[in-house]
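A.B. asks: Provided below are the primary sequence and the corresponding predicted coordinates.
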Amino acid sequence: MTCRRFGGNEAGGVATMVAAAGALLCVLAAIVVDLASLALAGRSLQGAADLAALSAAANLDRAHLAAETTARANLGEVATVTVTGRYSPDASRAPVDRFMASAAPANAARVTLTRASSLYFGRWIVGRSEVTLSRTAVAAASADPPRAMFSIGSRLAAVEGGIANALLSGLTGSSVNLSVMDYEALADAEVNLLGVFDALATELDVEAGRYDRLLEQEIEVGRALGVIRDLAGNQADSALSKLTGPASNVTVRLGEVFRLEADASGGLAQGLDASVSVLDLAMAMLETGGERQIRLDLGVQTGLADVTADLAIGERPNRSPWLTVTGQGQPVIRTAQARLYLKARTAQKLSGLAQIELPILLELAASEARLDAVSCGPDAVSVGVRPGLARAMLGRIDEAHLDDFQRTLTPTPATLLNVAGLVRLTAKGDVEVADTRFQTVRFSAADIADQRVRTATAANLPSGLIASLFDRLEVNVQALGLGLGLGGLTSALGSLLAPIGPVLDGLVHPILDMVGLKLGQADVRVHGVTCGGAERPPVLVG
């Protein structure tokens, strides 16, 4: 009876639960204390391993002694295992695979420290009084590799007939009116790129030396030219002042103009310490950020009544930059794609019947350049250069699609002459220059010091692309609606076009020069070389 009453009595239940929970909390507290102790010990062990690895990497010839001495100075008695090898910052490899043990020449050390850590309360739970902890660190030291700064594109060779002003007006969407002397001043003036980067960092409130962050910034080209004007001195002050206002309409991301090695922070400042032409720099910025289709009135030329041109500039493939500082084969830098559609009308009539109109499409694929080798010897830099495909076609196109570089343009035969439906002359033509090879272009130390431009030329480039096009036209003559060949008319067409081809070729080159392009050619300039060789302090690596 007494037991039955005791079993049914619910008094004191809370106290029982609190007692049980208290015991559980004490166990959890004991576990937390031990876990925190182990975490603190592991953190101290990792810090000592990091320091030991840095010491070993700085003294690779006696790496184990350096690592062991550093570890004991920080932790006392500790087991130390040191392995030297080679570390490669190859992003395509998993971090664990970037250190290759025992590989030569050694530039890195891997240090593993092992030490026992005591358990305070956990010994009654796991039956052990200590746990063995192990931590590993890898540090690498390397010399700055030689690097080269080079660009692709061409400097303006001559200013003719207002073409340069028309082109800049189109790129900026505003009126530009520079004199020949202004262009010469811009071409001759040079600025130090390191100075430009540091001044732009100040202008954009970016931490000094953080070029990676600077390249992520967007800036109005007019604002950038204002910064450049302060660095260029009096020589180009007037010309840049005239260009700053119109260029304010154009915004560019700096990383689309320049490209720097992601892992080049140690020697990057030295790599940027070289000069570039103010005109090249301004054109690269305007071309990258400006308008993509430009109408040019080329005026009256010898043998022509009038000629107009529509220039469409595509983006550089793969967001390629204009200039790079690198010690390896990446990135490949490229010119922009471009299309130039000429519409010319002859001054003379064909066989006394009528003037003829000539619609000509020029297509230029991007030219490419990559660094093949860089050293500090007599042949300092070798650049692989591949001229872009150049193609000239006679025929009509849908001009609405001229700037759509995703669309292939196929010209239809052009009607050159139509006399009241009685005599109709049509023609088509296609000339292509392509070279799939990378040509090796070498720059000596003297070439770099004198800022010489080297040109790679496609193997089958004719002396005049448009003149060659006219020589290879397929002509069809119809008289009275019948396909009757009139040999005299075809012959007269050849005589009429013969002097006009060189004239049009001469018009095309200045237009393309301004945007750094050439038919079947690619211009490359090496602005400077950093020889490197100075040892950088070792750093921890993944």
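C.D. replies: Arrived safely.
A.B. asks: Show the pLDDT at the residue lying closest to residue 152 once chain neighbours are set aside.
C.D. replies: Leaving aside its sequence neighbours, residue 152 sits nearest to residue 369 (C-beta to C-beta, 6 or more residues apart in numbering; 4.5 Å). C-beta here means a position set from N, CA and C on the backbone, and glycine is covered the same way. Residue 369 carries a pLDDT value of 93.
A.B. asks: neighbours around residue 369, how many?
C.D. replies: 28 (other C-beta atoms under 10 Å).
A.B. asks: and the helix or strand encompassing it, how far from the chain's centre?
C.D. replies: Residue 369 is part of strand 368-374 when elements are defined by DSSP states H and E. With C-alpha atoms, centre = their mean, to the nearest Å as the basis, strand 368-374 stands 13 Å off its chain's centre.
A.B. asks: The helix or strand following that strand pairs with which strands, and in what direction?
C.D. replies: Scanning forward in sequence from strand 368-374 by DSSP H and E, the next helix or strand is strand 381-386. Sheet partners assigned to strand 381-386 using DSSP bridges are listed as strand 368-374 (antiparallel), strand 439-443 (antiparallel).
A.B. asks: Check those strands for me and report the most buried one.
C.D. replies: strand 368-374 (a mean of 21; mean count of other C-beta atoms under 10 Å).
A.B. asks: quick one: contacts of that strand?
C.D. replies: 146-148, 150, 152, 324, 326-334, 380-386, 388, 438, 440, 522, 524, 529 (C-beta atoms under 8 Å, 6 or more residues apart in numbering).
A.B. asks: Among those residues, name the ones in strands.
C.D. replies: In strands, defined here by DSSP state E, the members of the contacts of strand 368-374 are 147-148, 150, 152, 324, 326, 333-334, 381-386, 440, 522, 524, 529.
A.B. asks: Just the buried ones from those residues?
C.D. replies: 147-148, 150, 152, 324, 326, 333-334, 381-386, 522, 524, 529 (16 or more other C-beta atoms under 10 Å).
A.B. asks: which residues of the stretch 251-400 of the chain fall in helices?
C.D. replies: 268-271, 278-289 (DSSP state H, counting those that start in this stretch).
A.B. asks: Take the ones you listed and write them to TSV, including mean neighbour count.
C.D. replies: Below are the helices of the stretch 251-400 of the chain laid out as TSV (neighbours: other C-beta atoms under 10 Å):
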stretch	mean neighbour count
helix 268-271	21
helix 278-289	25
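A.B. asks: Which one of these lies nearest to residue 518?
C.D. replies: Comparing those by their distance to residue 518 (C-beta to C-beta), the top pick is helix 278-289, with 14.1 Å.
A.B. asks: chain center to the closest one: distance?
C.D. replies: 14 Å.
A.B. asks: ok, now stretch 384-398?
C.D. replies: Centre to centre, stretch against its chain (C-alpha atoms, centre = their mean), the figure for stretch 384-398 is 23 Å.
A.B. asks: quick one: buried residues of it?
C.D. replies: Applying 16+ other C-beta under 10 Å to stretch 384-398 flags 384-397 as buried.
A.B. asks: Then stretch 438-454?
C.D. replies: 438, 439, 441, 443, 447, 448, 451, 454.
A.B. asks: Name the nearest of these relative to residue 463.
C.D. replies: residue 439 (19.3 Å).
A.B. asks: can you give me the helices in the stretch 101-250 of the chain?
C.D. replies: Using DSSP H, counting those that start in this stretch, helices in the stretch 101-250 of the chain cover 123-126, 163-172, 180-188, 193-203, 211-214, 221-232, 237-247.
A.B. asks: which of the ones you listed is buried the deepest?
C.D. replies: helix 163-172 comes out most buried of those by mean count of other C-beta under 10 Å, with a mean of 23.
A.B. asks: got the contact list for it?
C.D. replies: Counting by C-beta under 8 Å, 6+ apart, 156, 175-178, 183, 221, 243, 246-247, 249-250, 286-287, 290-291, 293-298, 311, 507, 510-511, 514-515 sit against helix 163-172.
A.B. asks: Without its sequence neighbours, what residue ends up closest to the most centrally placed residue in the chain?
C.D. replies: Centroid-nearest residue in the chain: residue 321, 2.8 Å away (criterion: C-alpha atoms, centre = their mean). Sequence neighbours aside, residue 259 is the residue nearest to residue 321 in space, at 3.8 Å (criterion: C-beta to C-beta, 6+ apart).
A.B. asks: List the contacts of residue 52.
C.D. replies: Taking C-beta under 8 Å, 6+ apart, one finds 66, 67, 68, 70, 71, 74, 80, 82, 111, 113, 137 in contact with residue 52.
A.B. asks: Setting aside sequence neighbours, what's the nearest residue to it?
C.D. replies: residue 67 (4.0 Å).
A.B. asks: now residue 118
C.D. replies: Nearest to residue 118 is residue 130, by C-beta to C-beta, 6+ apart, at 5.1 Å.
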